[in-house]
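> only geometry, no sequence info:
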């Protein structure tokens, strides 16, 4: 069990550029979640996948955001035409469908995005 | 609409004493509650959880109490240790009897400082 990994850990970009983040969940975890955390706030749900199917999207996820999980393994989160308001920590988490502890999600270290 | 609230942004406790962190929620449909601990530059780490069918769950130095009628839960840490200094997030989920949760709704966090 190597934990959830995210890449890159930090990303600085200029407004209007596109960025893509990657998340590798714990192997055998079939659920994968994306959250966003801004300063002074708790993580806010963006979207989640069960295997390769995207089952729920938050209204926070504007049309500029897209997430994929091809083959039900790693996931990518892309932000197009970034805005300064997109600056945040993007967290990925994974869980097992039959987890012994309902709701327990294992989080990665996050990708900190700064939009200049 | 903040469905999960942590009204104390910070708490300072002496080593060896009890730390009590509080959390209130508004959505009566939530049926599973979790506490996560977060260190700087790391993702949240699961600490302890409680189902709505219980009013107390204990794990070592950590105990979570749930008062459904008041829509209130608390985390007790006894005795507090300097290594407990971190930001603590309360989270709630809807398990909907499926064995897992689709997403977590987090509070804004309480920064705990355990002093010597």
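Perfect, I can see it now. All values reported here derive from a predicted model rather than from experimental measurement.

> For residue B:107, list the residues it contacts.
A:42, B:2, B:4, B:5, B:6, B:23, B:89, B:90, B:91 (C-beta atoms under 8 Å, 6 or more residues apart in numbering or on different chains). Placement of C-beta: from N, CA and C, glycine included.

> top of the residues you listed by neighbour count?
Using other C-beta atoms under 10 Å in any protein chain shown as the neighbour test, the contacts of residue B:107 are led by residue B:90, with 28 neighbours.

> Report the residue spans of chain B with pLDDT below the cut-off.
Regions of chain B meeting the criterion pLDDT under 70 cover residues B:96-102.

> typo on my end, chain A
Judged by pLDDT under 70, the stretches of chain A that qualify are A:1, A:97-103.

> host element of the residue most central in space within it?
With distances taken as C-alpha atoms, centre = their mean, residue A:34 lies nearest the centre of chain A, 3.0 Å away. With secondary structure defined by DSSP states H and E, residue A:34 is part of strand A:31-37.

> Residue A:71 in helix, strand or coil?
Classification of residue A:71 using DSSP: H, G, I helix; E, B strand; the rest coil returns helix.

> Report whether the expected contact of it with residue A:52 is present.
Yes: if you go by C-beta atoms under 8 Å, residue A:71 and residue A:52 touch, sitting 6.2 Å apart.

> If you count surrounding residues, which of the two has more?
Neighbour count, other C-beta under 10 Å: between residue A:71 and residue A:52, residue A:52 has more, with 14 against 7.

> Just give the number of residues close to the residue nearest to that one when sequence neighbours are not counted.
Excluding its sequence neighbours, the residue lying closest to residue A:52 (C-beta to C-beta, 6 or more residues apart in numbering or on different chains) is residue A:72, at 4.3 Å. Residues contacting residue A:72 under the criterion other C-beta under 10 Å number 15.

> circling back to that earlier point, does the strand holding residue A:34 reach chain B?
Yes: applying C-beta under 8 Å from any C-beta of the partner chain, one finds strand A:31-37 touching chain B at A:31, A:33, A:35.

> Need those in JSON lines (columns: neighbour count).
Formatted as JSON lines, the residues of strand A:31-37 next to chain B follow (neighbours: other C-beta atoms under 10 Å in any protein chain shown):
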{"residue": "A:31", "neighbour count": "21"}
{"residue": "A:33", "neighbour count": "27"}
{"residue": "A:35", "neighbour count": "27"}
